[in-house]
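1. One predicted model, sequence on top.
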Amino acid sequence: MPYTPYTWQIGVGGATPIDKTNLDHLETQYAEAIVSVVKTADQTVNNSVVLVNDTHLLFAIAANEVWIVKYYIAYISSNVADIKFHSTIPALAAKVAYEMGFGYWTDNSLAVIHGAAAQILFGGMNADKYAHFYEIIINGANAGNVQLQWAQVNAEVSDTKVLEGACIMAHKLA
């Protein structure tokens, strides 16, 4: 059900009252406009720069929707292997990715990365770290999944992990 804004006119003659039916309708619309996905187990990559699908962090979008997707990723990687992130999106969609926080290439500042092939890189320190980045996805005529992928930046025989509790918060804008 698409979101339908409604102007409440309490106390005006003939106005629609705020009742359970109307509130349930708003809750249903709100639930469809926000998606949250939480990673329920650690996932490991070792000695590989090939992007792999995250086993938990994905969600479906419909044709012609616009989403802002916020990623909050807990990870651990060596200071040689580091970590890179990418998301796949439906064919004909466009995205702009924004890197925030402790960015690998950005000296802890904001970087803007355009295009469906964009990758976001973060450094490792042999300790738990957190990456926060977001994307605006403008979907075209094809429905499909927004799928987080990740890998080591530099192949190293060491474990790089995205940890349980990492999550996606996505808001449908249109």
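-> Nice, I can see it.

2. Name the residues of stretch 143-156 that come out as buried.
-> Buried residues in stretch 143-156, counted by 16 or more other Cβ atoms under 10 Å: G144, V146, Q147, L148, Q149, W150, A151, Q152, V153, E156. All C-beta atoms are positioned from the backbone trio N, CA, C, and that covers glycine.

3. Which SSE is immediately downstream of the helix or strand hosting the fourth one?
-> Taking DSSP states H and E as the criterion, L148 maps to strand 144-151. Downstream of strand 144-151, the next assigned helix or strand under DSSP H and E is strand 159-162.

4. Only the buried residues of that next one, if you could.
-> Within strand 159-162, the residues scored as buried using 16+ other Cβ under 10 Å are T160, K161, V162.

5. and if you look at stretch 50-61?
-> L51, D54, H56, L57, L58, I61.

6. and it, how far out from the chain's middle?
-> Remark: stretch 50-61 is offset 10 Å from the chain centroid, using Cα atoms, centre = their mean, to the nearest Å.

7. contacting residues around that stretch?
-> Contacting residues not belonging to stretch 50-61 are listed as 35, 37-41, 43, 45, 67, 71, 84, 86, 88, 90, 119, 137, 139, 143-151, 162, 166-168, 170, 172 [Cβ atoms under 8 Å, 6 or more residues apart in numbering].

8. Dump that stretch to CSV, keeping only the CA atoms.
-> Output in CSV follows, covering the C-alpha atoms of stretch 50-61 (Å, rounded to 0.1, in the frame of the first residue of the first chain):
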residue,chain,number,x,y,z
VAL,A,50,36.4,-10.9,-4.3
LEU,A,51,33.1,-9.3,-3.0
VAL,A,52,30.7,-11.8,-1.4
ASN,A,53,27.1,-11.3,-0.5
ASP,A,54,26.4,-10.7,3.1
THR,A,55,24.3,-13.6,4.3
HIS,A,56,21.9,-11.3,6.2
LEU,A,57,22.1,-7.7,5.1
LEU,A,58,19.7,-7.3,2.1
PHE,A,59,16.1,-6.2,1.5
ALA,A,60,13.7,-6.0,-1.5
ILE,A,61,12.6,-2.8,-3.3
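
9. Quick one: mean pLDDT for that stretch?
-> The average pLDDT for stretch 50-61 rounds to 97.

10. What pairs with the strand holding L148, parallel or antiparallel?
-> strand 52-61 (antiparallel), strand 83-88 (antiparallel) (DSSP bridges).

11. before we move on, the earlier item: JSON lines please, covering the buried residues of strand 159-162 and showing pLDDT.
-> JSON lines is the format used below for the buried residues of strand 159-162 (pLDDT from 0 to 100):
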{"residue": "T160", "pLDDT": "95"}
{"residue": "K161", "pLDDT": "96"}
{"residue": "V162", "pLDDT": "97"}
